[in-house]
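Visitor: Need coordinates for the following:
(3 chains)
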Amino acid sequence: MNPAYQPYHPKWHRKRMPIFWWLGKPAYTKFITRELTSLAVGYAVVLLLAEICALARGEAAHARFLRLLAAPPVLAFHLLVCAALLFHSVTWLNLAPKALVLRLGGRRLPDWIVVSGHYLLWLVASGAVVWFLRGGS
Amino acid sequence: MPETTATISLEVLRYRPEEAAEPVWQSYEVPLRRDWMVLDGLNHIKDSLDGSLSYRWACRMGVCGSCGMMVNGKPTLTCATYLAGLGPGPIRVEPLSGFPVIRDLVVDLRDFIDKLKSVKPWLLRGDEKPLADGEYLQTPDELAEYKPYSMCINCMLCYSACPIYALEPEFVGPAAIALAQRYNLDSRDDGAAERLDILSRHDGIWACTFVGECSAVCPKGVDPAAAIQRYKVGATAAWWRSVLMPWGTR
Amino acid sequence: MRRSREPFFWALFSSGGMLAALVLPATALYLWVARPLGWVQAPTDAELVARLAPLLVRLVLFFVIALGLFHWAHRFRYTLYDGLQLSHLYGLIAIVCYGGATLLTVFAAWTLWRFP
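Guide: As a prediction, this is how the structure comes out:
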């Protein structure tokens, strides 16, 4: 018998969420990994800003920056950052049709068309970035 | 020759507050019949093994939404899950996670019911046509706009799968938002602005981070995750309109 | 009932996420992997400065940086609330995330405006 039992106010059982709930199911772990790619996005734009600052400070500063980029541990870390950015892109573009409902002539466009359109846009944007960075002509 | 029936072990998480302060596991052997669902196993326990087991069920064909429970850690309708398909066992049956447990496999649903009522899941119209004018007509395309969201059977598997619902008490939740969208997207409804006030309050829908598990476990293909993301886009557009063009009618 | 300010931050988050998804992978692979490894010819300092001279380029860069920062701020804020259950630090986390993003955005605007 439970000595704490009160017949007219029985205690309902509430389970507390464990702090590492996101390790409990593969779907949750994939979700948290996806969310953590925001750190890669933040880091990437800050690194862009840092290079612009180095350029503004002169040749010596920029040369130091480039030497830092080439250091093996930094390079390895940036490979991870690239992987995270790719994961962000793929998961973001795959989920685009869920939020974006496009219509053509009254008919709703099927999901695969919306996703393909986004991937095409990604290809074009990436091409534009490389074209710009290479000097563009 | 004696007939040997295959059996499978069902481990049920019992919660009897008058006996113990914490839930305990109890194991039962039920016949493993090819056409039996988990619900049939539970009914067998109640009929022949242990009449004290408490749980909810009704239609036993996947349309009422009563029999949702955690089966091997996954929120499922017990009337739609074959015993034989779950492997050699033992099969763990627990009450739907995310809700307070009243007893055994019975959970308290009041939070969901309150949230559902708060989004006004009925047709809201500024004016009503007189009966003599006939029905409100709707084309098949207009019906297709909201039909998936109307398939919700309020089984709450989506709430159980949603980690945000367990973490944020104010989150309205997948089914309630999907049902709000069912009416917002209905061509006969005028209540989108009224529902926006309720849903766009802090944490109403904004707590959702698109985990997507709600749509993964929905037995009716409602896709509440998509409903919520679409709602976020619509609510954001409405917010920007109200900021940039405050003189416009809502 | 007063409407939440969340739509404002969600708009920044979603546009930032889309922009980041479209341009950051190519940028990162080119600038921080291919260039240090010598797979592509690194542009000289003078060439880079010349490319960043047009106002349009600096404007686009500003949006990439600013929206990327606010994308991080909004998403990371919710990751802390949910992943580490820090909702009770709601105000502090909001200030750190959005405040940090704002400061860096202002710095980016100032840097790009004065460039070189």
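Visitor: For residue A:17, give me its contacts.
Guide: Contact analysis of residue A:17 by C-beta atoms under 8 Å, 6 or more residues apart in numbering or on different chains lists B:163, B:166, B:167, C:85. Yep, even glycine has a C-beta here, placed from its N, CA and C like the rest.
Visitor: Show the pLDDT at the nearest residue to residue B:145 once chain neighbours are set aside.
Guide: Of all residues not flanking residue B:145 in the chain, residue B:185 sits nearest, at 4.7 Å (C-beta to C-beta, 6 or more residues apart in numbering or on different chains). The predicted local confidence for residue B:185 comes out at a pLDDT of 92.
Visitor: before we move on, what about residue B:133?
Guide: Turning to residue B:133, the model gives it a pLDDT of 89.
Visitor: Please apply the same query to residue A:136.
Guide: 64.
Visitor: ok, now which ones touch residue 26?
Guide: Just so you know, I chose chain A. Contacts of residue A:26 by C-beta under 8 Å, 6+ apart: none found.
Visitor: switch to chain C, that's the one I care about
Guide: Neighbours of residue C:26 in contact, by C-beta under 8 Å, 6+ apart: A:125, A:126, A:127, A:129, A:130.
Visitor: ok, and what's touching stretch B:220-237?
Guide: For stretch B:220-237, using C-beta under 8 Å, 6+ apart, the contacting residues are A:95, A:98-101, B:148-149, B:151-153, B:158, B:174-175, B:177-178, B:180-181, B:184, B:196, B:199-200, B:205-206, B:208, B:210-212, B:214-215, B:218, C:7, C:10-11, C:14.
Visitor: List the buried residues in that stretch.
Guide: Within stretch B:220-237, the residues that qualify as buried by neighbour count (16 or more other C-beta atoms under 10 Å in any protein chain shown) are B:220, B:222-236.
Visitor: for stretch C:61-68, same thing?
Guide: Those buried within stretch C:61-68 under the rule 16+ other C-beta under 10 Å are C:61, C:62, C:64, C:65, C:66, C:67, C:68.
Visitor: Okay, and the residue nearest to the spatial centre of chain C sits in which element?
Guide: The C-alpha lying nearest the average C-alpha coordinate of chain C belongs to residue C:68 (C-alpha atoms, centre = their mean; 2.5 Å). Of the helices and strands defined by DSSP states H and E, residue C:68 is found in helix C:55-83.
Visitor: And that helix, what's buried?
Guide: Buried positions in helix C:55-83, judged by neighbour count with 16+ other C-beta under 10 Å: C:58, C:61-62, C:64-83.
Visitor: before we move on, back to that, list the residues that contact the residue nearest to the centre of chain C.
Guide: Neighbours of residue C:68 in contact, by C-beta under 8 Å, 6+ apart: A:41, A:42, A:44, A:45, C:16, C:19, C:20, C:24.
Visitor: Which two of those have the greatest separation?
Guide: For the contacts of residue C:68, the maximum inter-member distance is 13.2 Å, found between A:42 and C:19 (C-beta to C-beta).
Visitor: Next one: residue B:213 from chain A, what distance?
Guide: 6 Å (C-beta to the nearest C-beta, to the nearest Å).
Visitor: Can you tell me the number of residues neighbouring residue B:47?
Guide: By the other C-beta atoms under 10 Å in any protein chain shown criterion, the neighbourhood of residue B:47 contains 10 residues.
Visitor: wait, I meant residue B:197
Guide: Other residues near residue B:197 come to 13 when the count uses other C-beta under 10 Å.
Visitor: next one: residue C:17
Guide: Residue C:17 sits with 25 neighbouring residues when counted by other C-beta under 10 Å.
Visitor: pLDDT score assigned to it?
Guide: pLDDT, read off for residue C:17, is 95.
Visitor: Restricting to C-alpha, output the one helix or strand it maps to in PDB.
Guide: Using DSSP H and E, residue C:17 falls within helix C:6-28. Output for helix C:6-28, consisting of C-alpha atoms alone and laid out as PDB, is shown next (Å, rounded to 0.1, in the frame of the first residue of the first chain):
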ATOM      1  CA  GLU C   6       8.500  36.400 -32.900                       C
ATOM      2  CA  PRO C   7       7.400  36.800 -36.600                       C
ATOM      3  CA  PHE C   8      10.000  39.500 -36.900                       C
ATOM      4  CA  PHE C   9      12.800  37.200 -35.800                       C
ATOM      5  CA  TRP C  10      11.400  34.300 -37.700                       C
ATOM      6  CA  ALA C  11      11.500  36.300 -40.900                       C
ATOM      7  CA  LEU C  12      15.200  37.100 -40.300                       C
ATOM      8  CA  PHE C  13      15.800  33.400 -39.400                       C
ATOM      9  CA  SER C  14      14.200  32.000 -42.500                       C
ATOM     10  CA  SER C  15      15.600  34.500 -45.000                       C
ATOM     11  CA  GLY C  16      19.000  34.000 -43.400                       C
ATOM     12  CA  GLY C  17      18.700  30.300 -43.600                       C
ATOM     13  CA  MET C  18      17.800  30.300 -47.200                       C
ATOM     14  CA  LEU C  19      20.600  32.700 -48.200                       C
ATOM     15  CA  ALA C  20      23.100  30.700 -46.100                       C
ATOM     16  CA  ALA C  21      21.900  27.400 -47.700                       C
ATOM     17  CA  LEU C  22      22.300  28.900 -51.200                       C
ATOM     18  CA  VAL C  23      25.700  30.700 -51.000                       C
ATOM     19  CA  LEU C  24      27.700  29.500 -48.000                       C
ATOM     20  CA  PRO C  25      28.800  26.000 -49.000                       C
ATOM     21  CA  ALA C  26      30.400  27.200 -52.300                       C
ATOM     22  CA  THR C  27      31.900  30.100 -50.500                       C
ATOM     23  CA  ALA C  28      33.300  28.000 -47.700                       C
END
